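S.K.: Structure for this input, please:
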Amino acid sequence: MAGDTLCCAQAQHGSAPDIQGQDKANPTSMILSVAMLLNWLGEHRGQPSCPRAGAAIDAAVDAVLADPATRTADLGGALGCRAFGAAAAKRLER
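M.R.: Next comes the predicted model:
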């Protein structure tokens, strides 16, 4: 959801009310949506640090998904939403 003057980050999978509060949702879509928002901010608002941050988020998510041990259950792993988010955040610290 982006235009010439406004943009927002939004997960593409919907609200998933059937698994609400169960720590089962895969947060990849929301995390990558934030990376896309940062890219948009860099392009439309002249913020050069934003695309760098977006690229770092993309790389962190790719690295976490590449390891079967850090995937969410829907992708054959054992992690829930919180643990996946923590793994991606830890990867960003590198």
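S.K.: which regions of this structure lie under the pLDDT threshold?
M.R.: Scanning the chain for pLDDT under 70 picks out the ranges 13.
S.K.: which strands and helices sit next to the host helix or strand of Ala35?
M.R.: Using DSSP states H and E, Ala35 sits within helix 28-45. Helices and strands touching helix 28-45, by 3 or more Cβ pairs under 8 Å, 6 or more residues apart in numbering; DSSP states H and E, are helix 49-66, helix 81-92. Where you see a C-beta, it was placed from the backbone N, CA and C, and this is true even at glycine.
S.K.: now that helix, how far from the centre of its chain.
M.R.: Remark: helix 28-45 is offset 9 Å from the chain centroid, using Cα atoms, centre = their mean, to the nearest Å.
S.K.: most centrally placed residue in this structure?
M.R.: The centroid of the chain falls nearest to Ile31 when counting by Cα atoms, centre = their mean (1.4 Å).
S.K.: so how far is Leu37 from that one?
M.R.: Here the criterion is Cβ to Cβ, to the nearest Å. By it, Ile31 lies 11 Å from Leu37.
S.K.: so Ser33 makes contact with Gln10?
M.R.: Yes. Contact criterion Cβ atoms under 8 Å: Ser33 and Gln10 qualify, at 5.7 Å.
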